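In: Got a predicted structure plus its sequence, pasted below:
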Amino acid sequence: MPAETRLAERGLDEPHPSRLAPDHPRRDEIMAAHRRAIDAGSSGYLDPDSGLFVLTAAYLVGRGVCCGSGCRHCPYLI
């Protein structure tokens, strides 16, 4: 199956609901960390919930294709 290269219609600040639920208890904090990373030109941020490094949608757009790893901020059609 070819890698997805078409961007989703949602903006870079809106992860797919299956990757970050709208009712996640730390969603606002997570999204603020994502925005700060994008504004700083960073490739990602430390997730305030899990402590894992999470790639930003802006970084993932720059890769040009979906890697199929289930990234939280994947900007491609999933």
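Out: Received, thanks.
In: Can you point out the buried residues in the longest helix that the chain contains?
Out: For the chain, the helix with the greatest residue count under DSSP state H is helix 27-40. By 16 or more other Cβ atoms under 10 Å, the buried positions in helix 27-40 come out as I30, M31, A33, H34, A37, I38. All C-beta atoms are positioned from the backbone trio N, CA, C, and that covers glycine.
In: List the contacts of it.
Out: Contact with helix 27-40 is made by 12-13, 20-21, 24, 43-49, 54, 56-58, 73, as judged by Cβ atoms under 8 Å, 6 or more residues apart in numbering.
In: Give the next helix or strand downstream of it.
Out: strand 44-46 (DSSP states H and E).
In: Pairing partners for the very next helix or strand once past that next one, with directions?
Out: Sequence-wise, the next helix or strand downstream of strand 44-46 (DSSP H and E) is strand 53-55. Using DSSP bridges, the strands paired with strand 53-55 are strand 44-46 (antiparallel).
In: buried residues in the helix or strand bottoming out on mean pLDDT in the chain?
Out: Here the helix or strand of the chain ranked lowest by mean pLDDT, DSSP states H and E is helix 57-63, holding a mean of 95. Using 16+ other Cβ under 10 Å as the test for burial, helix 57-63 gives A57, A58, Y59, L60.
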